[in-house]
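S.K.: Just the structure for this:
(one chain, ligands or ions: 2)
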Amino acid sequence: MRNIANSKLAFLAIVAVVAVAMVAVYMKGHLDGSVGKILKLTPEAQAAKAKISPVKALEDRDVYYPGTEALARNEMRVVALGTGMPSARPKQAAACWLVELGNGDKFLFDIGSGCHERIAAQKIPYDFLNKIFIGHLHVDHMGDLPTFWLGGTVMNRLTPLRIWGPSGSTPEYGTKHALDLMEKMYAWDIATRSGVIDARGMKLEVSEFPFNGINEVIYNDNGVVVRSIPAIHGLDGAVSFILEWKGLKLAYSSDTIPNKWWVEHTKGADISIHECFLPPTLLVTKQGFAPIEALVVGTQGHTSPEQFGKVMAMTKPRLAVGYHFYNDFDTEPEVRTRVRKTYDGPLALALDYMVFNVTKDDIRVRMSAIDEAVWPSPALKKKNPPDFTKAIPISDFTKSGAMGLPEIVGPIYDEINKKYGTNYKPAFKE
Ligand SMILES: [Zn+2]
Ligand SMILES: [Zn+2]
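M.R.: Ligands and ions are numbered 1, 2, ... in the order given. Coordinates of the predicted model:
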């Protein structure tokens, strides 16, 4: 036993000595600056450094900081706010694209699951974000509409939300019906805010247009024209959009397989954003699809990378943008290789927060730097004060359970009343 104890002690002693030695070696590097950033400069290096002018901000940071760049009068900025799949993930929300124009107009194309926080990251007052075009009623193209609509109302939007979307083969498959039901679904949410907040921004103005219109104008204002063309995806009631302004043309597929309307009407677009789905190979290996499922979904319901490339080769946009796939280090190379089998023109495979500045002379592609601690912008219009006569009362039963905590809440009211010269009293007294 003693021998074993002794050898154990000896072993521990050796471990301790080795550990101390390792720490000493590590610390030496850090204390004398030979590891890390605090290297001492040689006299020659110090002299060279002195010749460099004082540190100044980089003029071209090659990154986009939302809210810091004005657009030129003839410039279009497109921001990818959802480029992934129906199931949003931290890296990619589902379909959403922001288009901002030099005349101040802003448009959202699709508003899929998970994109609202990315919209918020643009630091744009919600009143400016009141025009949404929905390509079809899949959840990955409209899933964040409720949160953007109602959350936006709380976040100072005082302007009604205008939404354009296609009809379906019957009224119950159309946008109008879906959004009527959305309003009904959120009756409780809406009622809680009644008489409490300024609800002007809660109003929905829905424009349903025929899904089978071919290059029909569905919006025409302030020099901006938006047209729709039929898309082939799911059921009747899917469309793609074309926006034209000041000689610039943007095409946005939402979801579709290759079709003649897209090829005919988006030719020569300045920026052509089209779905580019994962190839069936990756749908099987990464997403667990059965082979037949992968083939049908990946080529007959969506556009595979090779099909995407073919469409772009036929339409020759100034920039082709592929989206609607999980864009990772182990998927992008295969997607790109497959696109390149059929298309050799300018290409971007989109990620969330990719930004495109489009003018007649140039198309610049960058990524954004996002402030995660973003707050809503102040209201652009004067807010109406609460009108509690319009508030929907709660029952005596629920009231009977309330703890007013006057000794706690009273001072909070006093603090605000004193600061703002008001005389408000809490609803729950005792
Ligand atoms: Zn879809
Ligand atoms: Zn989709």
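S.K.: Please save the CA atoms from whatever helix or strand Asn417 lives in in CSV.
M.R.: Using DSSP states H and E, Asn417 falls within helix 406-420. Extracted as CSV, the C-alpha positions of helix 406-420 are listed here (Å, rounded to 0.1, in the frame of the first residue of the first chain):
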residue,chain,number,x,y,z
PRO,A,406,-49.8,50.6,-4.0
GLU,A,407,-46.6,51.0,-2.0
ILE,A,408,-44.6,49.7,-5.0
VAL,A,409,-46.6,51.1,-7.9
GLY,A,410,-47.5,54.4,-6.3
PRO,A,411,-43.9,55.7,-6.3
ILE,A,412,-43.5,54.6,-9.9
TYR,A,413,-46.5,56.7,-10.9
ASP,A,414,-45.3,59.5,-8.7
GLU,A,415,-41.9,59.5,-10.5
ILE,A,416,-43.5,59.7,-13.9
ASN,A,417,-46.1,62.3,-12.8
LYS,A,418,-43.4,64.5,-11.3
LYS,A,419,-41.2,64.2,-14.4
TYR,A,420,-43.9,64.9,-17.0
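S.K.: from the middle of its chain, how far away would that helix be?
M.R.: Remark: helix 406-420 is offset 39 Å from the chain centroid, using Cα atoms, centre = their mean, to the nearest Å.
S.K.: Same check on stretch 387-407?
M.R.: With Cα atoms, centre = their mean, you get 38 Å for stretch 387-407.
S.K.: cool, and stretch 76-84?
M.R.: 7 Å.
S.K.: Give me the phi and psi angles of the one residue sitting closest to the centre of the chain.
M.R.: Residue closest to the mean C-alpha point of the chain, counted by Cα atoms, centre = their mean, is Leu81 at 2.6 Å. Leu81 adopts backbone torsions of phi -110, psi 0, taken as degrees, to the nearest 10.
S.K.: So which residues of the stretch 301-430 of the chain form helices?
M.R.: 305-315, 332-339, 396-400, 406-420 (DSSP state H, counting those that start in this stretch).
S.K.: Determine the set of other helices and strands touching the second one.
M.R.: Helix 332-339 sits against helix 280-285, helix 305-315, strand 347-349, with contacts defined as 3 or more Cβ pairs under 8 Å, 6 or more residues apart in numbering; DSSP states H and E. Bear in mind the C-beta positions are built from the backbone N, C-alpha and C, glycine included.
S.K.: and the angle from that helix to helix 305-315?
M.R.: Here helix 332-339 points in a direction 50 degrees away from that of helix 305-315 (axes from the mean of the first three to the mean of the last three Cα atoms, to 10 degrees).
S.K.: Please apply the same query to the last one.
M.R.: Going by the same axes, to 10 degrees, helix 406-420 is angled at 20 degrees with respect to helix 305-315.
S.K.: Enumerate the residues of the stretch 201-350 of the chain near ligand 2.
M.R.: Neighbours of ligand 2 within the stretch 201-350 of the chain, by Cβ under 5 Å from the ion: Asp255.
S.K.: Now the stretch 201-350 of the chain against ligand 1: closest residue?
M.R.: Residue nearest to ligand 1 within the stretch 201-350 of the chain: Asp255 (3.7 Å; Cβ to the ion).
S.K.: shouldn't that residue be in contact with His324?
M.R.: Yes - taking Cβ atoms under 8 Å as the definition, Asp255 is a contact partner of His324 at 7.0 Å.
S.K.: What strand or helix carries the residue in the stretch 201-350 of the chain positioned nearest to ligand 2?
M.R.: Using Cβ to the ion, Asp255 is the residue of the stretch 201-350 of the chain that sits closest to ligand 2, at 4.3 Å. Here Asp255, judged by DSSP H and E, is contained in no helix and no strand.
S.K.: C-terminal to the worst-scoring helix or strand of the chain on mean pLDDT, what's the next element?
M.R.: In the chain, no helix or strand scores lower on mean pLDDT, DSSP states H and E than helix 2-31, which sits at a mean of 55. Remark: after helix 2-31, the chain's next helix or strand is helix 43-51, criterion DSSP H and E.
S.K.: From the chain's centroid, how far away is that following helix?
M.R.: Here the centre of helix 43-51 is set off from its chain's centre by 46 Å, with Cα atoms, centre = their mean.
S.K.: Next, the buried residues of it.
M.R.: Within helix 43-51, no residue is scored as buried using 16 or more other Cβ atoms under 10 Å.
S.K.: Could I have the CA atoms of that helix written out in PDB?
M.R.: The C-alpha trace of helix 43-51 is given here as PDB (Å, rounded to 0.1, in the frame of the first residue of the first chain):
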ATOM      1  CA  PRO A  43      14.000  51.500 -33.500                       C
ATOM      2  CA  GLU A  44      13.800  51.100 -37.300                       C
ATOM      3  CA  ALA A  45      10.100  50.000 -37.100                       C
ATOM      4  CA  GLN A  46       9.300  52.800 -34.700                       C
ATOM      5  CA  ALA A  47      10.800  55.300 -37.200                       C
ATOM      6  CA  ALA A  48       8.800  53.800 -40.100                       C
ATOM      7  CA  LYS A  49       5.600  54.000 -38.000                       C
ATOM      8  CA  ALA A  50       6.200  57.600 -37.200                       C
ATOM      9  CA  LYS A  51       6.100  58.400 -40.900                       C
END
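S.K.: and the stretch 51-200 of the chain, which of its residues are near ligand 2?
M.R.: Counting by Cβ under 5 Å from the ion, the stretch 51-200 of the chain comes close to ligand 2 at Asp140.
S.K.: In the stretch 51-200 of the chain, which residue sits nearest ligand 1?
M.R.: Residue of the stretch 51-200 of the chain nearest ligand 1, by Cβ to the ion: His138 (3.5 Å).
S.K.: All good on my end, thank you.
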